[in-house]
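Engineer: next one to model:
(2 chains)
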Amino acid sequence: MEIKDLTINDIRLGLKNKKFTAVGITQEYLARIKKVDPQINAFITVAEEQALAAAKNLDNKISKGEEIGKLAGVPLAVKDLYLTQDIQTTAGSQMLKDYLPQYSSTIYSKLLAQDAIPVGKTNTDCYGFGVSTENSGYFITKNPWDLTRVPGGSSGGSAAAIAADMAVIATGTDTGSSIRQPSAFCSATGLKATYGRNSRYGITAMASSFDCPGPFAKNVFDLAIVESVMAGKDPQDATTSPLPVPDYLNEINNLNLKGLKIGLPKQYFTENTQKEVVDAVKQAAATFAKLGANIIEVSVPDPNIALATYYIIIPSEISANMARYDGIRFGQSVSGTKDLFNYYLETRGKFMEPEMKRRIIIGTYVLSAGYYDAYYLKAAKVRTVVKEAYQQVLKGVDVLFAPVAPTTAWKIGEKVQDPIQMYLADIYTISVNVAGIPSLAVPCGFDNQGLPIGLQIIGNFFEESKLFAIGHKFQQLTDYHLQRPNI
Amino acid sequence: MSSSTISVDEVRRVAKLARIKLSPTEEELFTKQLGPVVDYFEVLNKIDTSRVKPSFQITELKNIFREDQVLKSFSQSKAISTAPKTSNGFIVTKASIDK
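Structural biologist: Numbering: from 1, shown residues only, chains lettered A, B, ... in the order given. This is a model prediction of the structure:
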């Protein structure tokens, strides 16, 4: 078995049994990044020094016979929205170029406390504003399956790093699709947890009432391990849930397939979805039907309703959150302006990426005098309608199966001129964010061009355990998640 | 689809509210792009929300308090270490009020 095929438990056991060292594993991964990443551009910053220091520290622990963490020696790629103390954190924006945070995000600290090895910070659409990494202020990440195509986004760098074996686990954030859609495009496994399950503290905010940090891995079992480390109440984030975190690994094999009810929402299987995507998702459902599950067609609100709701509320929250980028306390700034007003105008005009400006302007527009009731308040009410509709549907079935995205990965540049087309790429993921519920993305096939297809397994609030159990079962029955791009 | 026209003056007004200087090219681009985005929002009018309460968040958590304790924090120099311009332990900025 090659080093790059090792799972979390393989690495941990190998370290314990002295089959290899943490420094050895880390060097292999750093060498792989050096070799492969010039073609992919998954990383904005490679944290060679920090990675080797963490590995050395871990090897010392092992030689002294000390207990090691759940993620011991596991190469971790971190989305560049996560603050990492003393490692540059850009959020994919020129506005934060060279920003060196004084503290770390809660999730990153938790992962390090379990002895994960941070190999670098991954590319993203600036602040998470996009679905392709084309809105990054640095460069576009290439899809490892086809270098002329996008990896999805916004966490495209993390998904590509997983697909190209440059890390074993990665972090992402999913505000509208940003973990699931790149997972689907790159054939990674990713989780959008229930809102409030994972702490947002120390992660640059996009839309605070939607932002869901979460993990990427190469399979559901590893993903469940990472989520068990990430999840839980954080005193620093008042929106985190006080509910106890279940023992995901204990529950992952507790699945009774006989009588399991899988809903297929008919609004997700229309002529607007690529036929191979529809077929692959239905095939996944059929796999469970053979084992005794009941497949039931169900109805959910028109996904366009959720998408419109999202694209009103999200820019509204963004326009407020982005006010902090004033060039005074952190970030880049201009010099030589005559007063504070012009300092703001010039600094924000110069360093903000076009999509950042576009979203702030949409948000400011819909919140401005005379439009609040028509747009923001209306959208907030429709949010209630969507949330209640999904809760109602999930009373009748255990989970929903749906495509992650209507198509497989598109060509770089194909949609950049048309924001609506870009926003529509999120059509099948957004409802989950509007409703606040969890969804797991797993690879479920390839189209006739060899591009990966992703399945969403959607559950009710805090039902991550059930999603892991179903996803894990699916990966025991199929090998899509084991396929690797030729790179 | 009917097309909302958002004028270039409206884009300028909103950009000023948001404290962003746009180039003439950006003004033109955003003017062209915003109309269709706002048109897309029309789909919400199909939903009757006359009896629905708005959701501003979905957690149903309320009034999360903690003890007001003094905890360890950064030194002053570390706290301001990310600011572009500092002086004697303070962040320097342009005056916000005219004399």
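Engineer: can you report how many residues lie near residue 97?
Structural biologist: All of this is about chain A. A:Lys97 sits with 15 neighbouring residues when counted by other CB atoms under 10 Å in any protein chain shown. For every residue, glycine as well, the C-beta is placed using N, CA and C.
Engineer: if you could check chain B rather than the one you did, that'd help
Structural biologist: 5.
Engineer: per-residue pLDDT of it, please?
Structural biologist: Per-residue pLDDT puts B:Ile97 at 79.
Engineer: that one should be in a helix, yeah?
Structural biologist: No - B:Ile97 is assigned coil when assessed by DSSP: H, G, I helix; E, B strand; the rest coil, not a helix.
Engineer: per-residue confidence at A:Ser368?
Structural biologist: pLDDT, A:Ser368: 89.
Engineer: let's check: the centremost residue of chain B is which one?
Structural biologist: B:Ala18 (7.1 Å; CA atoms, centre = their mean).
Engineer: show the pLDDT at that residue.
Structural biologist: 97.
Engineer: which one is it nearest to, not counting chain neighbours?
Structural biologist: A:Thr364 (4.4 Å; CB to CB, 6 or more residues apart in numbering or on different chains).
Engineer: can you pull the contacts of the one you found?
Structural biologist: Contacts of A:Thr364 were listed using CB atoms under 8 Å, 6 or more residues apart in numbering or on different chains, and they are A:Ser319, B:Val14, B:Ala15, B:Leu17, B:Ala18.
Engineer: now do the strands in the stretch 301-450 of chain A.
Structural biologist: A:399-403, A:439-446 (DSSP state E, counting those that start in this stretch).
Engineer: helices or strands up against the shortest one?
Structural biologist: Okay, so that is strand A:399-403. Under the contact definition 3 or more CB pairs under 8 Å, 6 or more residues apart in numbering or on different chains; DSSP states H and E, strand A:399-403 sits against strand A:261-265, helix A:275-289, strand A:452-458, helix A:464-477.
Engineer: report whether the third one contacts chain B.
Structural biologist: No - Strand A:452-458 stays out of contact with chain B when judged by CB under 8 Å from any CB of the partner chain, the minimum separation being 15.0 Å.
Engineer: partners of that strand, with directions?
Structural biologist: strand A:399-403 (antiparallel), strand A:439-446 (antiparallel) (DSSP bridges).
Engineer: run through who's touching the shortest one.
Structural biologist: Contacts to strand A:399-403, defined as CB under 8 Å, 6+ apart, come from residues A:261-265, A:268-269, A:273, A:277-278, A:280-281, A:284-285, A:298, A:300, A:393-394, A:428, A:453-459, A:463, A:466-467, A:470.
Engineer: now it against helix A:275-289, angle please.
Structural biologist: 150 degrees (axes from the mean of the first three to the mean of the last three CA atoms, to 10 degrees).
Engineer: mean confidence score for strand A:399-403?
Structural biologist: 98.
Engineer: likewise for stretch A:407-414?
Structural biologist: 96.
Engineer: what is the host helix or strand of A:Asp10 packed up against?
Structural biologist: For A:Asp10, the enclosing helix or strand under DSSP states H and E is helix A:8-16. Contacts defined by 3+ CB pairs under 8 Å, 6+ apart place helix A:8-16 against helix A:22-40, helix A:48-63, helix A:220-230.
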